[in-house]
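Engineer: need coordinates for the following:
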Amino acid sequence: MCSVFSVGIRTLWLNGNTVTGTIGIAEKPITVADTRYALTQTKYVKGILTGPCTLAYALKIATPAYRNRGELVLDLASALHSEAKFLAASGAYMIQVDEPILSTGAMDIETAKEALKIIFKDIATPSCIHTCGRLNTISSEWTRLPVDVIDFEFSVSPDNLSDISRHDLRNKKIGCGCVKSSDPEVEPVAEIEKRIRSCVEVFGAENILIDPDCGLRMLTPEVALAKLVNMCDAAKNVRAEL
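Structural biologist: Numbers count the residues shown, from 1 in each chain. Below you'll find the model as predicted:
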C-alpha cells in the first residue's frame, strides 16, 4: 500500500516500509492527543518517541535522497524534533526516545548522539533515552549520550546493573526497569523491592527512577495494571526504609 503524508514544506513518501522520497517535518502533532489525555489522569506523563535509529532500521531505502541509514537517521531526528516540541508544549514532564536498536550494535553510537542533539535542541523538558537488551558492549558510550536520564531494563537483564555501574554517569539520572514487560506473570512486591534496592545500592536513591523494563502493551490491561500497582507499592516500601 502506498501512502503519502503531508509534512510541511517537504513530503515523506512510504511504499509499505520503504522510503521513496525525502523525509520532512509534520505541521501537526501525532502523539500529543494521547499525552494530553494522560495528563488529565495524572500530573507526570512521559512523552514517548520511537527513536530515529530504530526507525531507520525498520525502513528500506529506495531513493537517491539517502546514501545510507546514517543520513536517514538525521532527517528522522529533525522530524522527531518537531514532535518533541509539541510534546513539551503539551506539558509532558519528560520526553523519552526509545532506541532498542542500540544494544545490538547495528547503529553507530556517534550517529545516535547527533540525532539526540537534533531532537532535543532548545527543549527545556527533561530528556531520556531508553534501550532494551544487554548493554555491556555499548555501556561506556551509552552513558555519554546527551540526555538527562538513561533508562534500561534490569528485570530481564540484571547484568546491566554491573555494566553501567562501572562507568561515570556524568550527573545523569537512571531509569531502572524493575518489572518484566515480556512476562505475563505478575511479580510479587517483595521481588520488585529487591530489584529496587539493588539499584539504590549502586546509584543512590536520589539518582534513580523506577519504571517497567519496557512498554506493557503486549500484556493484557489487567496484567499490566497489576504489575504497575505492585511496582508502585514496592517503590513506596523501599522509599519508607530510606
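
Engineer: tell me which residues form a beta bridge with the residue nearest the centre of the chain?
Structural biologist: When C-alpha atoms, centre = their mean is applied to the chain, the residue found nearest the centroid is residue 98 (2.7 Å). Applying DSSP bridges to residue 98 yields these beta-bridge partners: residue 50, residue 130.

Engineer: next, the buried residues of stretch 19-36.
Structural biologist: Within stretch 19-36, the residues that count as buried by 16 or more other C-beta atoms under 10 Å are 19, 20, 21, 23, 24, 25, 26, 29, 31, 32, 35. The way it works is simple: take the backbone N, C-alpha and C, and place the C-beta from them, glycine included.

Engineer: in helices, which of those residues fall?
Structural biologist: Among those, the ones falling in helices (DSSP state H) are 32, 35.

Engineer: want to throw the buried residues of stretch 19-36 into CSV with distance to residue 123 and pLDDT?
Structural biologist: What follows is the buried residues of stretch 19-36, written out as CSV (distance: C-beta to C-beta, whole Å; pLDDT from 0 to 100):
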residue, distance to residue 123, pLDDT
19, 26, 89
20, 30, 85
21, 27, 87
23, 20, 88
24, 20, 84
25, 15, 87
26, 16, 84
29, 14, 92
31, 15, 90
32, 14, 93
35, 14, 93
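
Engineer: what's the most distant pair in the buried residues of stretch 19-36?
Structural biologist: 20 and 35 (30.2 Å; C-beta to C-beta).

Engineer: using CSV, write down the CA coordinates of the helix or strand that contains residue 114.
Structural biologist: Remark: residue 114 resides in helix 109-119, with elements defined by DSSP states H and E. The C-alpha trace of helix 109-119 is given here as CSV (Å, rounded to 0.1, in the frame of the first residue of the first chain):
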residue,chain,number,x,y,z
ILE,A,109,26.6,5.5,18.8
GLU,A,110,28.0,8.7,17.4
THR,A,111,25.1,8.8,14.9
ALA,A,112,22.7,8.3,17.8
LYS,A,113,24.4,11.1,19.7
GLU,A,114,24.0,13.5,16.8
ALA,A,115,20.3,12.5,16.4
LEU,A,116,19.6,13.1,20.1
LYS,A,117,21.1,16.6,19.9
ILE,A,118,18.8,17.4,17.0
ILE,A,119,15.7,16.0,18.7
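
Engineer: quick check: mean pLDDT of that helix?
Structural biologist: On average, the pLDDT along helix 109-119 is 96.

Engineer: chain center to it, what's the gap?
Structural biologist: Centroid displacement of helix 109-119 relative to its chain, using C-alpha atoms, centre = their mean, to the nearest Å, is 14 Å.

Engineer: what sits up against it?
Structural biologist: Contacting residues not belonging to helix 109-119 are listed as 49, 51-53, 70, 73-74, 76-78, 80-81, 84, 97, 99, 102, 127, 129, 138, 141-142, 144-147 [C-beta atoms under 8 Å, 6 or more residues apart in numbering].

Engineer: run through the chain and note the low-pLDDT ranges.
Structural biologist: Where the chain drops to pLDDT under 70, the residues are 1-16, 166-167.

Engineer: in it, which spans are strands?
Structural biologist: 2-7, 10-15, 18-19, 46-50, 60-61, 94-98, 127-131, 149-153, 173-177, 208-211 (DSSP state E).

Engineer: the third one pairs with which strands, parallel or anti?
Structural biologist: Applying DSSP bridges, strand 18-19 is found paired with strand 10-15 (antiparallel), strand 60-61 (parallel).

Engineer: I figured the residue nearest to the centre of the chain hits residue 46, correct?
Structural biologist: No: between residue 98 and residue 46 there is no contact under C-beta atoms under 8 Å: 10.3 Å.

Engineer: how far away is the closest residue to residue 231 other than its chain neighbours from residue 172?
Structural biologist: Of all residues not flanking residue 231 in the chain, residue 179 sits nearest, at 5.0 Å (C-beta to C-beta, 6 or more residues apart in numbering). Distance, residue 179 to residue 172, using C-beta to C-beta, to the nearest Å: 22 Å.
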